[in-house]
Structure formats: C-alpha cells, structure tokens
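# here is my input; please provide its structure:
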Amino acid sequence: MMVYLLSGVILALMTALALLLSRLYAMKLHYKDPKKDKSPDLKKTWAKFDELLSSLMVIHNLGVVGAGKTKQSEFFQTALDNACDLVNSSRGSIMVYDEQARELKITASRGISREVVETTHIKTGEGIAGRAFEKGETIFVTDPSMNPQYKGFMGYQEQSEPFISIPLKVKEKSFGVLNIHLAKERSSFSDYDLKFLTILGGETAVTLENIKLYESIENFYLEMVQTLARIIDAKDSYTGDHASRARERAVRLAKELNMPEQMIRYVEYAALLHDIGKIGIDARILLKPGKLTNEEYSEIKKHPVIGYQILAPIDFLAPVAQMVLYHQEWYNGMGYPEGLKGEEIPFGSRIVAAIDAWDAMRSDRPYRKALSREIAVEELKKGAEKQFDPKVVEAFLRMEEKEFQEESANSKK
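Residues are numbered from 1 along each chain as shown. As a prediction, this is how the structure comes out:
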C-alpha cells in the first residue's frame, strides 16, 4: 500500500510539473515572434525565457529519468550550475539543512574555495542564508561589506559582490538555500533574474522531493527483499547466514576488481539476493541429506529463474535481476538456465558464482562437512576456465590470501 501511495504522489508531482512547463512554453508561443520585434530588451527577455525553459527541463528530466541513478550531491550541483548560467554568475552555492547538526552546510558550489565549502556551517537565523532559510523569504544584499548580517562570516573576503539568497522549500517548509552572486560586470539583478531564479529554485525543491520519494520506494523494496533473503537462510538451516556473508565478500571483491561504484552496489545486492528464488523450492529438497534425484535436481535448477521473476519487476533492481538469473552459468557454457559462455555471462553473475561456490565449500552441508581452506582454494583454482571466470578467481584468491594473512597476524598478537 505504501509503495502505491508513494508512486501515486510521484506521478501527480511529475504530471503537475509537465503541465507547468507546457503552459510556460505555450505562453511564449502565444506572443508574437521576438525575432520580428526590433526591441533589444524584448529579445533579451525571450532569450532569458529560453534559458529558463532549458534549465527547468534539465532539472525536471533529472527527477523523471535520473531518479534512482542520480545522487543528491550531483543533482544539487546540476541545479546550481543551471542557476548560475541563467544569470551569467561565476559564483554561487546551495546550502542544505542538516537536521542532526541543526545547521546549513554547502552541498554544491561554484567559484568558492574548498576551505569555505568545508568550513561554512550556519545556524538558522544567522547570516543572510540563515535568515532566508528561517523566514522562508528571498533576501537580496546589494553591498555585503555594509551588511552586519554578512560581515565577518567565513568567505566574506572572497565574496564581496552583491548576491541573492533564495529559500528552497517543499510544502512551505525550507530545507535549504540557493545563493547566487552577481556577475562582476553587472550592477544589479534584473526583475527577470529574480523571478527566473525563484522559479528555478521552486523546480529544484520539487524535483528533489521526487528523488527522495523514489529513494523511499527503493529502500522499501530493498528492505522487503532483504527480509526474503533472511527467510531463505532460515529455510535452509545449513546455509545459515550465507546471504550476508556473500554480500560482504561481493563488495570486497568488486572493489578488488576496480568496478564502478554503481556496479559495486548492484553486485552487492545480487550476492545478497542470488538465492531468493529458493523460496519457491520445496524445503524437503533443499534439506535432503542424500543425493538428489534427476527430478529434484531439475527443481533446484529453477531457482535462478524464480529469483529473476521476483526481482525483475522492480525497476532499480533490473540489473541485479540479470545477475541473479545467470549466477549458475558456467564459464565453459555447461551451466544453467541458458548455457551462456564466457563474456556472455554478466560480470556480476561471474563474481557471485565464485563467491557462492566458496561459501558452499567452506560451510557444512546436509551431505558433508565444510571443506578446509586449502582444499577450497584448490577447488576454486581447478574451476577456473571451466566453472569460473579465471580473472575473478585470481582476484578472489588474492583478496582471500590477504585477509587470511591479516587474520593470522592478528591471532598471534
């Protein structure tokens, strides 16, 4: 119910934003072509309007297409860059309120020194940004050197030009401030600058709310599938905490292989959820102490497909679903469900396959006791080029040897 509610809210917000943008564009088309008008001021105004529409669409598209892929820090930087470009400013910042610290901190900046970015922490009501945040009103400072609310704050010396602080609000509640400094060649912001920046700030706030709502849905789904993973571990008492161990090793191995951050996250989830399809397998087969019959083995082989069917409908887990589907494929093409070979198998699946096999060998099973570390190492080496990707095996054993040496050294202390 919660997922549908959040999805409905996001859809409503997106629809409203799309309607707003279409109306803005229709307003422009309603008037005569500015190119036929000889007034330079009017031409400049329409040019600004074009820039505003472009900036709004960039931010809007981040909320629609980038939700779940765009980090908040990247989103804030994009929003700030568009705001600065809109008024030809070389300096600006976005400050966001930290609920725990109870202060505003810079999360995106342009033309501001690193020292100022890292050390500027403003309480609500303090300084210009703090007042704009607290009152929820835009504040324009024409001469910072003469303003007692600004004078003396960190960055005061390097930011002497006029600037504007616009509160970023959702449902009339401020969550941050957009600060834009005036370009040095200009004497003041125009009325259009102020209006356009206010519109841009409003779009930024609403789009961020969309991203947060998407993240809420993402976290809800992840918690749900994590619970399912724990149910699987509980269903098979011999695997114990297998999913959690696989998850931890997967993260370390993905880093060892220098994978991008987003892919590390996908591999982590795939390792956690690779056996989720076993929820559809009879527990008597999973816990059978003796050799499986052909029929029973055929049932076991269905779990990657079942896992894929559980995860695939969840958009942000789509890449993970692919990794889960193919984690039982063999590097030589003798695996299942599709008999993929070599590079045809997703890289994340090849990582999960090696980790899964290692944990299985090092754990007690219904039909045997756990293998020793030495035997498990040899079995993994034998499986390279056959069952496993040799590059993955090499990286895994390098990582495992490093951890083994560290554990040995710590045990001697």
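
# next structured bit after the longest helix along the chain?
Looking across the chain with DSSP state H, the single longest helix is helix 191-235. With elements assigned by DSSP states H and E, the helix or strand that comes after helix 191-235 is helix 242-256.

# may I see the buried residues of that following helix?
242-243, 245-247, 249-254, 256 (16 or more other Cβ atoms under 10 Å). Just so you know, the C-beta spots here come from the backbone N, C-alpha and C atoms, and that holds for glycine as well.

# which strand or helix spans K391?
helix 390-411.

# now that helix: mean pLDDT?
Helix 390-411 comes out with an average pLDDT of 89.

# next, the buried residues of stretch 309-321.
Neighbour-count burial for stretch 309-321 flags 310-311, 314, 316-317, 319-321 (criterion: 16+ other Cβ under 10 Å).

# please apply the same query to stretch 207-220.
Buried residues in stretch 207-220 (16+ other Cβ under 10 Å): 207-211, 213-214, 217-218.

# tabulate these (TSV), appending pLDDT and distance to A108.
Output for these, formatted as TSV (pLDDT from 0 to 100; distance: Cβ to Cβ, whole Å):
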residue	pLDDT	distance to A108
T207	74	14
L208	74	12
E209	73	17
N210	72	18
I211	71	14
L213	71	21
Y214	69	20
I217	70	25
E218	70	22
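
# for these, which one is nearest A353?
Distance to A353, by Cβ to Cβ, is smallest for E218 among these, at 26.0 Å.

# contact partners of the helix or strand where E295 lies?
When elements are assigned from DSSP H and E, E295 belongs to helix 294-300. If you take Cβ atoms under 8 Å, 6 or more residues apart in numbering as the criterion, helix 294-300 is touched by 281-282, 285-286, 288, 292.

# pick out whichever of these sits closest to E344.
I281 (25.9 Å).

# contact partners for the closest residue to R247 other than its chain neighbours?
Setting aside the residues directly before and after it, R247 is nearest to L272 in space (Cβ to Cβ, 6 or more residues apart in numbering), at 4.2 Å. The contact partners of L272, taken as Cβ under 8 Å, 6+ apart, are 225-226, 229, 243-244, 246-247, 250.

# could you dump the residues you listed to a markdown table with distance to P260 and pLDDT?
Listed next are those as a markdown table, based on distance: Cβ to Cβ, whole Å; pLDDT from 0 to 100:
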| residue | distance to P260 | pLDDT |
| --- | --- | --- |
| V225 | 22 | 68 |
| Q226 | 23 | 72 |
| A229 | 24 | 70 |
| A243 | 23 | 74 |
| S244 | 24 | 77 |
| A246 | 20 | 86 |
| R247 | 18 | 86 |
| A250 | 15 | 93 |
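
# can you pick out the most distant pair from these?
Farthest-apart pair in the contacts of L272 is V225 and A250; separation 15.2 Å (Cβ to Cβ).

# please identify the buried residues of stretch 273-293?
Of all the residues in stretch 273-293, those buried under the rule 16+ other Cβ under 10 Å are 273-279, 281, 286.

# and the average pLDDT for it is what?
pLDDT averaged over stretch 273-293 gives 86.

# quick one: the buried residues of stretch 309-321 as TSV, columns for pLDDT and secondary structure too.
TSV is the format used below for the buried residues of stretch 309-321 (pLDDT from 0 to 100; DSSP: H, G, I helix; E, B strand; the rest coil):
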residue	pLDDT	secondary structure
I310	88	helix
L311	88	helix
I314	80	coil
F316	78	helix
L317	85	helix
P319	92	helix
V320	93	helix
A321	94	helix
